[in-house]
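> Everything below, folded, please.
(4 chains)
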There are 2 protein chains.
Amino acid sequence: MELDERKMCILKAVIDDYISTAVPVGSRTISSKYISGLSSATIRNEMSDLEELGYLVQPHVSAGRVPNAKAYRLYVDSMCEGDSLVEEESKRFREDFISRLNQLNDVAAGAAEALSDLTQYASVVMMPKQEELRINSLQLVPINRATALVVVVTDGGIFRDSILHVSDMIDHDGLYAISRILTERLQNKTLREAQEFLNVFVTNAPFEQQVLGGIADLAGKLERQSANDNLKLFGSHHMLQYPEYYDVDKARNVLHALREKIGLIDLLKDNAQSDFSVHIGAESGIQGMGDLSILTAFYEVGHGHRGAIGVVGPTRMPYPKVMNTLRIAGHALSEILTANYNN
Amino acid sequence: MELDERKMCILKAVIDDYISTAVPVGSRTISSKYISGLSSATIRNEMSDLEELGYLVQPHVSAGRVPNAKAYRLYVDSMCEGDSLVEEESKRFREDFISRLNQLNDVAAGAAEALSDLTQYASVVMMPKQEELRINSLQLVPINRATALVVVVTDGGIFRDSILHVSDMIDHDGLYAISRILTERLQNKTLREAQEFLNVFVTNAPFEQQVLGGIADLAGKLERQSANDNLKLFGSHHMLQYPEYYDVDKARNVLHALREKIGLIDLLKDNAQSDFSVHIGAESGIQGMGDLSILTAFYEVGHGHRGAIGVVGPTRMPYPKVMNTLRIAGHALSEILTANYNN
DNA sequence: ATTAGCACTCTCTATGTTCGAGTGCTAATT
DNA sequence: AATTAGCACTCGAACATAGAGAGTGCTAAT
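The predicted structure is shown next:
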């Protein structure tokens, strides 16, 4: 007995179905959903053969079949050539991907990540509004012929870096000179103003024009980005280690609520006047936060800009410890960012 | 009826116990573990009062009590002054925290994160051994008077940045000059060699000495770091959305296995000769990977250094789609990093 | 004021039972 | 000879029931 074409076809159907449903696949399903020309009895016989051949497994006698590692192996090796993504989607992925690679994390995000690791709870961080931040200096660092790292230092001390691709040849001293000139021109401008300025700025050198264009794009990107997601979430997976979420449904709900960031933004904004606050359970007034507490600290980024950093966990929480850690995090962040500002 | 000292004491005991066990607290527990001078019956009466006062809740009649938001509020406001961390621990936290803030994420890590988001599975990334990478150039970017960003470009194009604090005043042109000199001196050295070089390098200017010391520290830190954790894991939480892990025990096991990275390092290393590989279930030979598959792609970082990036998910997985995404990720990464290298 | 004792309540676990999905086999059909 | 209809059979999921145990509230004794 060996794998004829029909067996292959049935096997593929079983794998496809199992991949999408995660439920053992019965003969009836195959007959009605995939291969309508054959009755379930026939499929049954074939599936029995496939089991004997070592491709399918029955979790128990009266269940459908589940594919094996051997089956997946065959599937990967010779059954899914046609399934590759369409060109267009592939391209979109690629671009999405590359654009994400080009923005490195910033300090506040790193802080939130560290906070989450230290406390073993989820953490959130809200950046100050970047529209209000003013550029302090700007420097291009050559990575190679075709790439440069752009470092933007704002009056909040929050520096953002991004990779800039140019096709032309880059020369160290040239880049430095451009950096100095740009710093001079863009100092004390907001990102929006800088972008507008750069868009109308014309040089006769095509290379410089290219650099300027790239920076203008970057400024635009930073600004757009700051509008929506200046709230970031980290370490939500830590929640799973607590018995209150041993029930998977609860766990999913919490993770989902966190990911949606429902209401969190408002909470962090509204409380921007106090340095430190603790919202226990429903106190926060956020839907679905009934058994979650959120502790927040605010950090300074010079010139009176403020951001918020916080810890989210179950109401059952070692408050003293977490409060302490959070307080330290807030201070450290203020310190670093404000040191950056004291220019 | 109001909160006398004894009630407060009992309430604190209940909260403390619940915080550490997550199980409703009974009167007997309090009497035996916290307040041995009183019998359970007395505690019972007091707890009944505390419930009436709105601090405790009974999930059901014959269960112990669970603290309320109101209880936690009281706890936070006036019961845990003494619990603050000891000075020393506090300090350790602070340093830990600041040192983490000073290292920004690198490109490969960002790639893995993006990959995990796109596929909705966990992802891993192994950086090439950093001991072997050679420095290409090094630049100091002034952030303010007391801080500079150090950007190290290696022949793998992997640039690392870190914040350097110096107490003295920094001057733009001076930093640029130092950068040029350092680049010249350190080019083609490995991190270790650079560190050794910097340690014996003596200038008569105290400021420059300080900068050099800072950079030497950084080089040391990068090298130490690369030794252990050049394997990083992202997005393990995605696993929870799949029905195979609806059972919480299974979910914990998988998450734990992933976090331990058991065997993954070897797998990624061993397969460094092939560009792309798919390990289905037990094929990987890794303990506990029976129902996990791992797909890996390798990326180039110039000079023949290779890193690996991969996706980990249940054996039931839409292989074609994931393979495609992974392939794109690998190529994009190679492209970016190799572009960086083509200096 | 405190505590021992006891009846009571309610969850948790184990056990039993039913229902249904899916199988394998046999006999009939094409 | 291949396919299919029919049927008995198996086994897990879901539901129901009973018993054990933890914890309470109340009363009476200390």
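> Which residue is the nearest non-sequential neighbour of A:Glu2?
A:Leu53 (7.8 Å; Cβ to Cβ, 6 or more residues apart in numbering or on different chains). No exception for glycine: its C-beta is placed from N, CA and C like everyone else's.
> Sheet partners, orientation included, of the strand or helix carrying A:Ser137?
If you go by DSSP states H and E, A:Ser137 is part of strand A:135-144. With DSSP bridges as the test, strand A:135-144 is paired with strand A:147-154 (antiparallel).
> got the residues of chain A near DNA strand C?
A:24, A:26-29, A:40-41, A:44-45, A:47-48, A:51, A:58, A:61-65 (Cβ under 7 Å from any atom of the strand).
> let's see it at 10 Å
Residues of chain A lying close to DNA strand C by Cβ under 10 Å from any atom of the strand are A:14, A:23-32, A:39-52, A:56, A:58, A:60-65.
> before we move on, back to that, which ones are touching the residue nearest to A:Glu2?
Taking Cβ atoms under 8 Å, 6 or more residues apart in numbering or on different chains, we find A:Leu53 in contact with A:Met1, A:Glu2, A:Leu3, A:Lys7.
> Of those, select the buried ones using a ChimeraX command.
Applying 16 or more other Cβ atoms under 10 Å in any protein chain shown to these, the buried members can be selected in ChimeraX as follows:
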select /A:7
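> Now flag whichever of the contacts of A:Leu53 is closest to A:Leu218.
Using Cβ to Cβ, A:Leu3 comes nearest to A:Leu218 of the contacts of A:Leu53, at 55.0 Å.
> how far away is the closest one from DNA strand C?
Distance of A:Leu3 to DNA strand C, given as Cβ to the nearest atom of the strand, to the nearest Å: 17 Å.
> Can I get the strand or helix carrying A:Arg192 in PDB, CA atoms only?
Using DSSP H and E, A:Arg192 falls within helix A:191-200. Once non-C-alpha atoms are left out, helix A:191-200 reads as follows in PDB (Å, rounded to 0.1, in the frame of the first residue of the first chain):
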ATOM      1  CA  LEU A 191       8.800  68.400  14.500                       C
ATOM      2  CA  ARG A 192       6.000  69.800  12.400                       C
ATOM      3  CA  GLU A 193       7.700  73.000  11.900                       C
ATOM      4  CA  ALA A 194      10.900  71.200  11.000                       C
ATOM      5  CA  GLN A 195       9.100  69.100   8.500                       C
ATOM      6  CA  GLU A 196       7.500  72.100   6.800                       C
ATOM      7  CA  PHE A 197      10.900  73.900   6.800                       C
ATOM      8  CA  LEU A 198      12.600  70.900   5.200                       C
ATOM      9  CA  ASN A 199      10.000  70.500   2.600                       C
ATOM     10  CA  VAL A 200      10.500  74.000   1.200                       C
END
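> who touches the closest residue to A:Gly310 other than its chain neighbours in this structure?
Once flanking residues are discounted, A:Gly310 sits nearest to A:Thr296: 3.8 Å by Cβ to Cβ, 6+ apart. By Cβ under 8 Å, 6+ apart, A:Thr296 lies in contact with A:Leu267, A:Leu268, A:Asn271, A:Phe276, A:Ser277, A:His279, A:Ala308, A:Ile309, A:Gly310, A:Leu326.
> Model confidence for the one residue in the stretch 51-200 of chain A that gets nearest to DNA strand C, exactly?
Going by Cβ to the nearest atom of the strand, DNA strand C is nearest to A:Ser62 of the stretch 51-200 of chain A, at 3.2 Å. Looking at A:Ser62, its pLDDT stands at 88.
> Quick check: phi and psi on it?
When read as degrees, to the nearest 10, the backbone of A:Ser62 gives phi -100, psi 30.
> And for it, the neighbour number?
Using other Cβ atoms under 10 Å in any protein chain shown, A:Ser62 has 7 neighbouring residues.
> same thing with A:Ser274?
10.
> Which residue ranges of chain A form helices?
A:5-21, A:27-29, A:40-52, A:69-78, A:87-101, A:107-119, A:172-186, A:191-200, A:206-228, A:248-260, A:264-270, A:319-341 (DSSP state H).
> how about CSV for these, with mean pLDDT and distance to B:Thr119 added?
Formatted as CSV, these follow (pLDDT from 0 to 100; distance: least, Cβ to Cβ, whole Å):
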stretch, mean pLDDT, distance to B:Thr119
helix A:5-21, 91, 14
helix A:27-29, 94, 27
helix A:40-52, 95, 29
helix A:69-78, 88, 15
helix A:87-101, 63, 10
helix A:107-119, 82, 21
helix A:172-186, 87, 37
helix A:191-200, 81, 33
helix A:206-228, 70, 23
helix A:248-260, 77, 17
helix A:264-270, 78, 26
helix A:319-341, 77, 31
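> quick check, distance from stretch A:238-255 to the centre of its chain.
For stretch A:238-255, the separation from the chain centroid amounts to 21 Å (computed by Cα atoms, centre = their mean, to the nearest Å).
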